[in-house]
Each structure stands twice: as C-alpha cells, then as structure tokens.
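Novice: show me the folded form of this:
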Amino acid sequence: MDSIYRDLAPFYDVLNRDIDYERWADYIHESINRYAVTPIHDVLDLGCGTGSMTLALAARGYDMVGVDLSPEMLSIARNRADTARCQDKVLWLCQDMCSFELYGTVEAAVCCLDGLNHLTGQGQLSRCLRLVHNYVSPDGLFLFDVNSPYKFRNIYGTQAYILEDKHVFCAWQNAFCEEKGLCDFYISLFTETPTHQYRRSDSHTAERMYTREELISQLQRHHFEILEISGDIDHRPDRENDERLYFITRVKKD
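Specialist: Residues are numbered from 1 along each chain as shown. Purely as a prediction, here's the structure:
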C-alpha cells in the first residue's frame, strides 16, 4: 500500500476542500433515480477514503458500505460518521478494491475521485470490475469517474504543484510517461509539530491513464451495459478537453 495516505490522511480533507461533495452526491442520487429499474437501498463506495462521499450518500437515505485500503483514512471516516451520528448507516471495510469481500450483495456501487486510475497493475482493473459485477445485484448500477487522457497529458504531465493550508505544506511533482500510460506522483509533505517545527515525509503513488475505448471494452467484457458517458456531473456529452469522464453503467447477468 502506498504510504502517501498514511501521511496524508489527517490533511486530506483540508487539501481537497474545493471538491463539492454535496453537488456530486446530488448527481449520483439523481442518476440512480434516473436509471434504476428496481429500488436501490444498499450502495458500495469503493476507495471511500475519509468518507466524504459515503456520508453524503448516507445522508440521502442509502445504507452504505465504504471500502478503502488505508486504515488511517478509514479511521477518519469512522470518526466523521460518529460525529454525524450515522454509524448505523455505514459499514466500513479495510480491503483492497481488487480483492474485497462483502457479506452480501448491494444494488449499486460508486467509485469517485479517479479511484480506478489507481489500479495500475496488470489485470487489476479487470479484477475490480469482476468483483463489482459479482456483488452488485442484477440490473444494479455502477457509477464511476476517471481522470481523462487530456488531464494526464496536459494537466499532470511533468508539472509541479503546491498545496498548502494552516499547519501543512504539500509539494507535488508529476512524471507522466505516455508509452507506459502511467503518471508517477512524488509528494513531499511538511506538517507542523506541537513545537512549531515542520516534519517532512516523502511518498510516491501513481495513476494509470485509461482511454475511453479501453474502459468501454473492459466494461463490455465484464457484462456492464453502458448507459451514459459524460464530461461533467451535468450529464452533458464528454468532449476532448474534459479533465474527467463520468460513467453510468448497469450490471447485466445471465
């Protein structure tokens, strides 16, 4: 497991405060209402992180299962659920997206904030899709997003970024290789200690670029019906310069 989330967990929400989870959750809720052919009560959130989307969907009435590989991120998610007094609406599982096991089926699954891009190894995406297909009920929904090829080539590239807030400073260096379809992220995190000194930690993670065509092929191979591909959470058709692609699919079983 990448050490990035062990170090980044306490500051993840602060550094990602610009993400509008409420609007995103509204999009998911509206999409479920638009495309569900049977009632959806139980929803799996893959790569749930600190639980922002999990809790936003729980607030909209769904019984949630949050799966993440980082115990540090899940610890924060559990504390947030306690604070929101919705512990009975969420089951948290510390598991890998490529080998998770549930106690039963769900009617829908989501994977937000480019979680599938983190599946960089050979066959990992296939294993994840196979498990989603297994644990989602027939005609259930799978909604996910990925960072687009445009973003890998033009936004990530070999750029460097700085993220900072009170008590934390994050230096982020990208290295995208078109031939491998991989972008490496080298991250240095400086966090303030109680004595007002700064502790440095260095970590590395990566994302794989998946093209629209690759994802369509993989989804069809694993018996997902593609209902919609959009370039934003307003359901508009995707364009070449969109930074993110949003998929809505239906699980088809014999």
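
Novice: quick check: the residue located most distally from the centre of the chain vs residue 38, distance?
Specialist: Distance from the centre of the chain peaks at residue 195, with 35.1 Å (CA atoms, centre = their mean). When distance is defined by CB to CB, to the nearest Å, residue 195 is 57 Å away from residue 38. C-betas here are computed from N, CA, C, even on glycine.

Novice: now do the strands in the stretch 51-200 of the chain.
Specialist: 63-68, 90-94, 106-111, 136-147, 160-165, 168-177, 182-192, 198-208 (DSSP state E, counting those that start in this stretch).

Novice: lowest-confidence stretch among those?
Specialist: Lowest mean pLDDT within the strands of the stretch 51-200 of the chain: strand 160-165, at a mean of 84.

Novice: tilt between that strand and strand 168-177?
Specialist: If you take axes from the mean of the first three to the mean of the last three CA atoms, to 10 degrees, strand 160-165 sits at 160 degrees to strand 168-177.

Novice: neighbouring strands - and their directions - for strand 160-165?
Specialist: Using DSSP bridges, strand 160-165 pairs in its sheet with strand 168-177 (antiparallel).

Novice: and the partner strand, what's buried?
Specialist: The neighbour-count check on strand 168-177 (16 or more other CB atoms under 10 Å) flags 168, 169, 170, 171, 172, 174, 176 as buried.

Novice: re the thing from before, nearest to residue 83, of the strands of the stretch 51-200 of the chain?
Specialist: strand 90-94 (12.5 Å; CB to CB).

Novice: what packs against the closest one?
Specialist: On a contact count with 3 or more CB pairs under 8 Å, 6 or more residues apart in numbering; DSSP states H and E, strand 90-94 meets helix 52-58, strand 63-68, helix 71-84.

Novice: angle of that strand against helix 71-84?
Specialist: Angle of strand 90-94 versus helix 71-84, following the same axes, to 10 degrees, is 170 degrees.

Novice: related to what we said a few turns ago, among the helices and strands packed on strand 90-94, which is nearest residue 149?
Specialist: Evaluated over the helices and strands packed on strand 90-94, closeness to residue 149 peaks at helix 52-58, with 24.1 Å, by CB to CB.

Novice: which residues touch that closest one?
Specialist: Helix 52-58 is contacted from outside by 13, 19, 21-22, 24-25, 28-29, 43, 45, 48, 64, 66, 77, 80-81, 84, 86, 89-90, 110, 112-113, using CB atoms under 8 Å, 6 or more residues apart in numbering.

Novice: how far away is the residue farthest from the centre of the chain from residue 174?
Specialist: If you go by CB to CB, the gap between residue 195 and residue 174 works out to 33 Å.
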